[in-house]
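Trainee: okay, predicted coordinates and the sequence, questions at the end:
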Amino acid sequence: MSQSLQILVVDDDYTHRNMLLTLLRDWGYLAEEAADGEMAVEKCRAQSFDLVLMDVRMPRKTGLEALKDIHSLNPALPVLIMTAFSNIEAAVEAIKNGAYDYLTKPLDFEKLKVVLRNVFEHAGLIQANASLSSALAATELRSNIIGRSDSMRRLLEMARAIAPSEATVLITGESGTGKELVAKAIHANSGRARGPYVAVNCAAITESLLESELFGHEKGAFTGADKRHDGYFIKADKGSIFLDEIGELPLPMQAKLLRVIQEREVQRVGGGGPVPVDMRIIAATNRDLQQEVNAGKFREDLYYRLNVVSLPLPALRERPEDIPLLAQYFLERFSQKNNKIVRGVTPGAMDRLIRYEWPGNVRELENVMERAVVLLIGEHIGERELPPKLLKSASAEQASEPMSMTGLTLEEVERTVILETLKNCDGNKSEAAKALGINRKTLHLKLARYGGE
């Protein structure tokens, strides 16, 4: 098990750091190093780790500061803090801020071995899962809008502010970002919450039926109209109507919608008098309506009528700090749905989720988590339960991202380059020596010196 687990050792004391690297490798772990907190955060940003073993007192960025930044990148990543007896208070503070445990220097190696075993037997994962569940409960409102990123906090604050009003709202954002969830939240927190909420996908209704579906029809208005039908606008009376994909409406229907907004009445297909309607309009689109107006595909007057208040939803790739919360939400939902006990997501799998670009946004993440829960045999979702495209994406990203050498000594740079070259050559020392421009004997000497043999 340990042979595939990657540990990042963070310590400004070169001798102590090197000793830990040697010890961990002797135990069968893969181990990398960072000389301070700043470098640790950059390494965690650039690649995946299963655990971070980190000192508290370091230059540039302390262990406490680095812990916060590392958990903003991946809350599921266990962090073990090392500290001297004289600095126990900092270690306790680290525990309060999400560290898995702390060890005092000089380290008791047998205790370290036991703690590592406990972490990798999922005790750390259970703790991370519990932490995410707690954070999740704190973010849920009278809706399923989940997020603690700055962009989502601003969005929720704006939604709360406009919900009690009667203003028409235009929600914009890519497909799968959760536009209807925002619409439902606005309705649920408004004075119309007890009234109906009617959702209409404008793109899903054929043009020939659109007018009848929106405004209703009289009996005999067309073949098959054997009785009077109330359209969506009449059904939304005293409540809210959500017009999704509003940019798909044909121009003739846009003109009729404009009249409904202005006059607050509808005319059924086939005659009859106007029917007054009292509803709030919430519209959504994944298109740039201003560009559609400029291209003559959307009425400018309707655009300004709809765009009284604009709520732009960020894409999921723009708020990666929300991915762990969303993943936890879907994990709990689909675990219950499939009658499975799922304890959480491994650090490696969470890292893959965070690094993926999510072209399908939250909807795609939802599908990925449902698939993972269905395929899961054990209790923790790992990389094997994730779709291949997520694994390929993360591997390509790590392969293309240059490694930062800032703050390293020349000796540390040489060691890093040699070990990375050997890794890229699949352990073939002859190929690695050739790539480095040195002979095989020199490579052996350097590997012995740097603990790479």
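Mentor: Arrived safely. Computed from a predicted model, the values in this text were never measured in an experiment.
Trainee: center of the chain, which residue is that?
Mentor: Most central in the chain under Cα atoms, centre = their mean is Ile323, positioned 2.0 Å from the mean C-alpha point.
Trainee: wait, it sits on Ala315?
Mentor: No. Applying Cβ atoms under 8 Å as the test, Ile323 and Ala315 come out as separate, 11.8 Å apart. Yep, even glycine has a C-beta here, placed from its N, CA and C like the rest.
Trainee: hmm, Ile261 is touching Arg280, no?
Mentor: No. Using Cβ under 8 Å, Ile261 is not in contact with Arg280; the gap is 10.9 Å.
Trainee: roughly how far does Asp226 sit from Phe233?
Mentor: 22 Å (Cβ to Cβ, to the nearest Å).
Trainee: next one: Arg440
Mentor: 80 Å.
Trainee: of those two, who's got more company?
Mentor: Phe233 (24 against 12; other Cβ atoms under 10 Å).
Trainee: can you pull out the low-pLDDT segments for this structure?
Mentor: For the chain, residues meeting the criterion pLDDT under 70 lie at 1-4, 85-86, 121-144, 393-410, 412-413, 426, 450-453.
Trainee: residue boundaries of the strands in it?
Mentor: Ranges of strands in the chain, per DSSP state E, are 6-10, 30-34, 51-55, 79-84, 101-105, 169-172, 197-201, 239-244, 265-266, 275-276, 279-285, 309-312, 344-345, 380-381.
Trainee: tell me what the fifth one is packed against?
Mentor: By that I understand strand 101-105. strand 79-84, helix 88-96, helix 109-118 (3 or more Cβ pairs under 8 Å, 6 or more residues apart in numbering; DSSP states H and E).
Trainee: what sits against Phe334?
Mentor: 369-370, 373-374 (Cβ atoms under 8 Å, 6 or more residues apart in numbering).
Trainee: from those, which ones fall inside helices?
Mentor: Among those, the residues falling in helices (DSSP state H) are 369-370, 373-374.
Trainee: where along the stretch 251-400 of the chain do the helices fall?
Mentor: With DSSP state H, counting those that start in this stretch, the ranges of helices along the stretch 251-400 of the chain come out as 251-263, 289-294, 300-306, 323-337, 347-355, 361-375, 388-400.
Trainee: between strand 239-244 and the first one, find me the angle.
Mentor: Okay, so that is helix 251-263. Calculated by axes from the mean of the first three to the mean of the last three Cα atoms, to 10 degrees, helix 251-263 forms an angle of 160 degrees with strand 239-244.
Trainee: in TSV, list the strands of the chain along with mean neighbour count and distance to Arg117.
Mentor: Formatted as TSV, the strands of the chain follow (neighbours: other Cβ atoms under 10 Å; distance: least, Cβ to Cβ, whole Å):
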stretch	mean neighbour count	distance to Arg117
strand 6-10	25	13
strand 30-34	20	16
strand 51-55	26	11
strand 79-84	23	12
strand 101-105	18	12
strand 169-172	23	49
strand 197-201	18	51
strand 239-244	23	51
strand 265-266	20	69
strand 275-276	14	71
strand 279-285	25	50
strand 309-312	15	48
strand 344-345	28	18
strand 380-381	22	16
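Trainee: which one of those strands lies closest to Ala188?
Mentor: Between Ala188 and these, the tightest spacing by Cβ to Cβ is seen for strand 197-201, at 8.0 Å.
Trainee: ok, Val119 touching Ala99?
Mentor: No. Using Cβ under 8 Å, Val119 is not in contact with Ala99, being 11.4 Å away.
Trainee: what is in contact with these two at once?
Mentor: Leu80.
Trainee: before we move on, the earlier item: can you pull the residues that touch both of Ile261 and Arg280?
Mentor: In contact with both Ile261 and Arg280: Thr168, using Cβ under 8 Å, 6+ apart.
Trainee: pull the number of nearby residues for Gly271.
Mentor: Applying other Cβ under 10 Å, I find that Gly271 has 10 neighbouring residues.
Trainee: counting neighbours, what do you get for the residue lying closest to it once chain neighbours are set aside?
Mentor: Excluding its sequence neighbours, the residue lying closest to Gly271 (Cβ to Cβ, 6 or more residues apart in numbering) is Glu218, at 5.6 Å. The number of residues packed near Glu218 is 16, by other Cβ under 10 Å.
Trainee: wait, isn't Glu218 in contact with Gln267?
Mentor: No. Glu218 is beyond contact range of Gln267, at 9.9 Å (criterion: Cβ under 8 Å).
Trainee: how close does Leu214 sit to Pro324?
Mentor: In terms of Cβ to Cβ, Leu214 sits 41 Å off from Pro324.
Trainee: hmm, back to that, list buried residues within the ones in helices among the contacts of Phe334.
Mentor: Burial by neighbour count, 16 or more other Cβ atoms under 10 Å: within the ones in helices among the contacts of Phe334 this picks out 369-370, 373.
Trainee: what sits opposite Val200 in the beta ladder?
Mentor: Under DSSP bridges, the beta-bridge partners of Val200 are Leu243.
Trainee: that one touches Phe215, doesn't it?
Mentor: No. Using Cβ under 8 Å, Val200 makes no contact with Phe215, being 11.6 Å away.
Trainee: which residues does Glu370 contact?
Mentor: Contacts of Glu370 by Cβ under 8 Å, 6+ apart are 330, 334.
Trainee: now it: how far from Ile381?
Mentor: In terms of Cβ to Cβ, Glu370 sits 11 Å off from Ile381.
Trainee: and for Arg415?
Mentor: Distance from Arg415 to Ile381, by Cβ to Cβ: 35 Å.
Trainee: that's all I had, so thanks and see you.
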